[in-house]
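Asker: show me the folded form of this:
(2 chains)
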Amino acid sequence: MDEQLVKENPLILLQGVSKCYGNAAVLHDINLQVKAGECIVLLGHNGAGKTTLIKLLLGLTRPTDGTVEVLGKDPTFNSSVARHKALGYLPESVAFYDAMTGREVLRFYARLKTVSNNECEKLLKLVGLDDAASRKVGAYSKGMRQRLGLAQAMLGDPQLLFLDEPTTGLDPLLRQHFYELIDRLHQQGATSIISSHALNEVEARASRFIMMKSGMVVARGTLDELYKQAALPVRINIGVTPGEAATVAERFNADVSISRVNNASLSLACLEGEKMHLIRYICSLGDEIKDMQIVPPRLDELYSHFMCRDSL
Amino acid sequence: MKMLWILALKELRDGLRNRWVAAAILLLGSLALALSLLGSAPTGSVNASKLDVTVISLASLSVYLIPLIALMLSFDAMVSEFERGTMMLLLTYPVTRWQVVMGKFLGHLLILFIAILAGYGSALLILMYISGGDTEGWQAYVMMMLSSLMLGAVFIALGYIISVYVKERASAAGAAIGVWLMFVVMYDLILFAVLLMDEQQLMSQQLLSVLMLISPTDSYRILNLSLFEGVSQASGIAGIVSQAGISVVTLWVVMLAWVVFPLGATLLMFQRREL
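Answerer: Residues are numbered from 1 along each chain as shown, chains lettered A, B, ... in the order given. Sure, this is the predicted structure:
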C-alpha cells in the first residue's frame, strides 16, 4: 500500500514554497517535483538557499509560505517521524559527538534507526573507516568525519538521500570513492538530492539540475535542456600546419568568432545550430587542417551563464 | 519508549566517559562521610541519633551542592548540540523533539541517581557499620536521598530552559550561575531581609509559609529538616512547618511542579525552534 503510493506520487513535492528569516527572504516561490530514482543536483553560490531548501525537506524548518511534502507527508517536526527512517542526511561540514569513537557514534545512530551493529561494521568497512573506528571522532580529520557522515547517512538503506556539499574537504581519490558509494545507493533505487560546488563531479551523475540564485530557481532541467536554454557557443579547436594559423584564420567568415590564435592552432566558437555547417567548411579547407576537436560547453560555463545572466 | 532509553543511555555513557559520574560520587560520598563523622561528635547530650544529625547537616549542604551539580549537567544540554550542529542531524532521525528532551532528562537523572545512591548510600553503610548496626533514623536518611534526587531533577529541568533559550553556550553558563544564585542563595536572603524590615508584622505567618513553599530549595529544606521527629527536634525549626500545616505531600507536589513546568516550557520552546 505504502510502496504503491510512493511509486505513483512524487517523492518530493514543493508548491510555492517561500522561506523568510525575519525580513530576509531566503527562498522565494520554489516549485519542485522529484520522482523515485532521480538524482537532483542543486547548484548555486553560498547563500543561494540550497541548505535552507534541504532543511525544509528534512522538516528542520517550516516554510513561511507554500506546502512541502516528502514521501507523501508534511515533513515538519513531529508529523512524519516514522518516515524519517527512510531518509539519510549528510549535513554540510558534519559534526559528531567528539568524545565518542567512530564506532560508538555510528552505533548510536544505528540504534535510532533500528539497524544492527553488524550493519554498522559493514558500513565502516565500506567507507574505509574500519581501522579508525575505535578512535575518538574528535581526532578525526575532515575527510574521515565526512566519511563517517556518509556512513550514517547510508544507515538502513535510505530511500531518499540528502547530501549537502558532500565532497568538500575530501582529496580527489576520496571524492571518487565517495561517488562510487553514492552510485551504489542509486543502483539500489535510492533517490538523492545533492547540493554541490564541484560541478564536474556531479555532471555525469545528475538526472536533473536546479540552479539557484538568491533564493530563486534560475534554471532547471537535464543537462541537454540546460544547454538548449543557454544556447552557449560550441568551441571547435583546430590544429593547422605550424606557421599557417594566421592565414587559415583569414579564411573564416566574420560571424565565426576566433578566440585564440597562436602559431599552430585556432579556437573557433559558433552556435549549436551552425556547428555542422562550420565543421563541413573546416573539412573543405584541405591539408592545412591537421587536427580538430569539438568541445561542447561545460557545466561550469552553463553555471556562470545562468548565474551571471541577470547581473549583466 | 525505546527511543527514550537509547537517548538516555547515551547521556549516561557520556557522563561515565567524561568522569562526571565518578567525580559526583566522590564529591557526595566524601562530603557525606566527613559531615557524619565530624558532625556526630556533639550529639552526646542531645536526644538525636547520629543519622538524624547527619541528615540535617547533609541536607543543608545538599541544598547548595545538588543544584550546582544538576545545573552543571544540564545547562548546555541543548545549546551545545545546537552550536555543534549535532542536534540538526539527530532530528533527521526517527526521534521526536519531546523524546530528545525527555531522553536527555532521563539520562541526566540517571547520572544524578547513581551519584546520590553511591555517594550518600555508601556513607550511610559506613555510618551504620561504625555505629555497630544502629539503624535508627535510616528512613530520614533515605528520604533525604530521594528528595535530593527530586531537587536535582528540579535544577536539571531549570538548566534545560536555559540551554534551549540562549544562543551561545557561554551565556548559558552565565545564566546557570544566575539561576543557582537566585534560587539557592538570594531568594532566602531577600525573604529574610523583608522579614527583618517588616516591623509591623504585615506579613502573616501564612504568607511566609507560602513564600517559602513556592521555592523548591525551601521545600527541600522543610521536607528534610522537619519531616521526622528526631530531625526536627535537632534542627529546631519544627514549629514553622507544623504550625503552617504544610503536609509532606504538598512539599513533594511543589517540587514536582518545579520539574514539570520547566520541562514543559523547554519542550514548548524547542518545539518552536527552527534549526
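Asker: element containing B:Thr217?
Answerer: Using DSSP states H and E, B:Thr217 maps to helix B:216-226.
Asker: before we move on, what about A:Met211?
Answerer: strand A:208-213.
Asker: strand A:208-213 and the helix or strand following that strand, what's the angle between them?
Answerer: Going down the chain from strand A:208-213, the next helix or strand is strand A:216-221, by DSSP H and E. For strand A:216-221 against strand A:208-213, the angle by axes from the mean of the first three to the mean of the last three Cα atoms, to 10 degrees is 160 degrees.
Asker: hmm, who's touching strand A:216-221?
Answerer: Applying Cβ atoms under 8 Å, 6 or more residues apart in numbering or on different chains, the contact partners of strand A:216-221 are A:28-32, A:49, A:208-212, A:226, A:229-230, A:306-307, A:309-310. Using the backbone N, CA and C atoms, a C-beta is placed for each residue, glycine as well.
Asker: please repeat the previous calculation with a cut-off of 10 Å.
Answerer: Strand A:216-221 has contacts (Cβ atoms under 10 Å, 6 or more residues apart in numbering or on different chains) with A:25, A:27-32, A:40, A:42-44, A:48-49, A:53, A:208-213, A:225-230, A:302-303, A:305-307, A:309-310.
Asker: ranges for the strands of the chain?
Answerer: You didn't pick a chain, so chain A it is. A:12-21, A:24-34, A:39-43, A:65-70, A:87-90, A:160-164, A:191-196, A:208-213, A:216-221, A:234-240, A:257-261, A:265-270, A:289-295 (DSSP state E).
Asker: circling back to that earlier point, just the buried members of the contacts of strand A:216-221?
Answerer: In the contacts of strand A:216-221, burial by neighbour count holds for A:25, A:27-28, A:30, A:32, A:40, A:42-44, A:48-49, A:53, A:208-213, A:226-227, A:230, A:302-303, A:305-307, counting by 16 or more other Cβ atoms under 10 Å in any protein chain shown.
Asker: and chain B, which of the residues you listed reach it?
Answerer: Near chain B, taking Cβ under 10 Å from any Cβ of the partner chain as the test, no member of the buried ones among the contacts of strand A:216-221 is found.
Asker: how many neighbours does residue 111 have?
Answerer: Here I'm looking at chain A. As a burial measure, A:Arg111 scores 21 neighbours (other Cβ atoms under 10 Å in any protein chain shown).
Asker: nope, chain B
Answerer: Residues lying near B:Ile111 (other Cβ under 10 Å) number 25.
Asker: so what's it scoring on pLDDT?
Answerer: pLDDT, B:Ile111: 95.
Asker: quick one: the spatially closest residue to it that is not a sequence neighbour from chain A, how far?
Answerer: Closest residue to B:Ile111 apart from its sequence neighbours, by Cβ to Cβ, 6 or more residues apart in numbering or on different chains: B:Gly15 at 4.2 Å. Computed as Cβ to the nearest Cβ, to the nearest Å, the B:Gly15 to chain A distance reads 11 Å.
Asker: again, but for B:Ser57
Answerer: 36 Å.
Asker: surely that residue and B:Val63 touch.
Answerer: No - judged on Cβ atoms under 10 Å, B:Ser57 makes no contact with B:Val63 at a distance of 11.1 Å.
Asker: coming back round to it: now render the strands of chain A as JSON lines, adding distance to B:Ser148.
Answerer: JSON lines is the format used below for the strands of chain A (distance: least, Cβ to Cβ, whole Å):
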{"stretch": "strand A:12-21", "distance to B:Ser148": "44"}
{"stretch": "strand A:24-34", "distance to B:Ser148": "48"}
{"stretch": "strand A:39-43", "distance to B:Ser148": "53"}
{"stretch": "strand A:65-70", "distance to B:Ser148": "46"}
{"stretch": "strand A:87-90", "distance to B:Ser148": "41"}
{"stretch": "strand A:160-164", "distance to B:Ser148": "45"}
{"stretch": "strand A:191-196", "distance to B:Ser148": "50"}
{"stretch": "strand A:208-213", "distance to B:Ser148": "55"}
{"stretch": "strand A:216-221", "distance to B:Ser148": "58"}
{"stretch": "strand A:234-240", "distance to B:Ser148": "78"}
{"stretch": "strand A:257-261", "distance to B:Ser148": "81"}
{"stretch": "strand A:265-270", "distance to B:Ser148": "80"}
{"stretch": "strand A:289-295", "distance to B:Ser148": "76"}
